[in-house]
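A.B. asks: Generate a structure from the sequence data that follows.
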Amino acid sequence: MSDLFWLTDAQMARLEPYFPKSHGKPRVDDRRVLSGIIFINRNGLRWRDGEGLNAEYGSHKTLYNRWKRWSDKGVFARIMVGLAVEHGEKKTAMIDATYLKAHRTTTSLAAKKGGRGRLIGRTKGGMNTKLHAICDSQGRPLDPFVTAGQVSDYIGARALLGGLPKVEWLLGDRGYDADWFRDALKDKGIRACIPGRSQRNKTVKYDKRRYKRRNRIEIMFGRLKDWRRVATRYDRCPKVFLSAIALAATVIYWL
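C.D. replies: Numbering: from 1, shown residues only. Purely as a prediction, here's the structure:
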C-alpha cells in the first residue's frame, strides 16, 4: 500500500523519552505499532479493518491493545504536552472551540451506568463533543481540552486559563467576552484581543488588524479534523478520544 505511514528515526527519537518502561516480556516493535495506530486514526478505520494491514503493521489486536492501554495511562496526551512545551511562544496565543460529531455508536448514553461521563452532549447539530484549545501564533495546539457539546466557551476558558503561556496577547472571538475572563488575563499580564458582544452597553475596543490572525486556530481545527477519528468521535471513553486528538496534533505539528 503506497499511502502507509511510517515514523522516521528522528520522529522516534523525539517520542521515545515519553514511552512507558517495558516490564517483563519485551514490547512488539514500537515504530511498527505506533505507525499502525497513526494510520488507523488518520484514516478512520475500525481496528478490525486492520486485518489487511497485518503484513505491514502486525496484528490489529496488538495495535488496539497498545492504543487502549497507553490511552488509559495518558501516554499520548503527555507526549503532545511534552513536545508542545518547546513552543517558545512569547508574543501571541489564541483560544477557541469547535464541535466534533459523535458517531451514533458512542451516543447510547443510557447503555450503562456513568454514561453521562462520556462528555457527549446534545446541541442543535446533534450529539457532539466540544474541543477547546489554545494555540500559539503559528497555529500549533498547546493545550487541548474536551467537554460535552453543550458546554459554554466560558467553562472551557476557565479550564484552560491556568495553562496559558506567558504571552503579551490572547486572541479570542466574542464567545470569550466576559469581564471575569478579561480581568483574569489582565492579572496574568496578558492583553485581550476579543471583540465585545452586541449586548454590551459600551463598545469594547480591540485591535482589528491583530484579530485577523485568529484564522490560524480555525485552520488548526480544520487540519485536526482531516484525521477521521478526530472529525467523528467513535470512542466512548473520553480519555481515548482525547488521545486521538493529541496524537493527531503531535504528528501534524510537533514531530
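A.B. asks: average pLDDT for stretch 60-77?
C.D. replies: Per-region confidence: stretch 60-77 scores 94 on mean pLDDT.
A.B. asks: in it, what's buried?
C.D. replies: 60, 62-64, 66-68, 70-71, 75-77 (16 or more other CB atoms under 10 Å). Heads up, the C-betas are built off the backbone N, CA and C, glycines and all.
A.B. asks: Can you give the contact residues for the strand or helix carrying Leu170?
C.D. replies: Leu170 belongs to strand 169-171 when assigned by DSSP states H and E. For strand 169-171, the external contacting residues (CB atoms under 8 Å, 6 or more residues apart in numbering) are 91-95, 164, 185, 190-194, 210-211, 213-214, 217.
A.B. asks: now stretch 149-162
C.D. replies: Surrounding stretch 149-162, the residues in contact under the criterion CB under 8 Å, 6+ apart are 95, 97, 99, 102, 120-123, 125, 127-130, 132-134, 143, 145, 147, 172, 175-176, 178, 181, 184.
A.B. asks: Quick check: which helices or strands does the helix or strand bottoming out on mean pLDDT in the chain pack against?
C.D. replies: The helix or strand of the chain with the poorest confidence is helix 54-57; it has a mean of 78 (mean pLDDT, DSSP states H and E). Helix 54-57 sits against helix 30-43, with contacts defined as 3 or more CB pairs under 8 Å, 6 or more residues apart in numbering; DSSP states H and E.
A.B. asks: Quick one: mean pLDDT over the helix it packs on.
C.D. replies: Average pLDDT, helix 30-43: 94.
A.B. asks: can you give me the offset of that helix from its chain's centre?
C.D. replies: Relative to its chain's centre, helix 30-43 lies at 17 Å (CA atoms, centre = their mean, to the nearest Å).
A.B. asks: quick one: contacts for the closest residue to Phe19 other than its chain neighbours?
C.D. replies: Closest residue to Phe19 apart from its sequence neighbours, by CB to CB, 6 or more residues apart in numbering: Asp30 at 6.5 Å. Residues in contact with Asp30 (CB under 8 Å, 6+ apart) are 12, 16, 19.
A.B. asks: Of all the residues in the host helix or strand of the first one, which ones are buried?
C.D. replies: Following DSSP H and E, the helix or strand that holds Met12 is helix 9-15. Applying a neighbour-count criterion of 16+ other CB under 10 Å, the buried positions in helix 9-15 are 11-12, 14-15.
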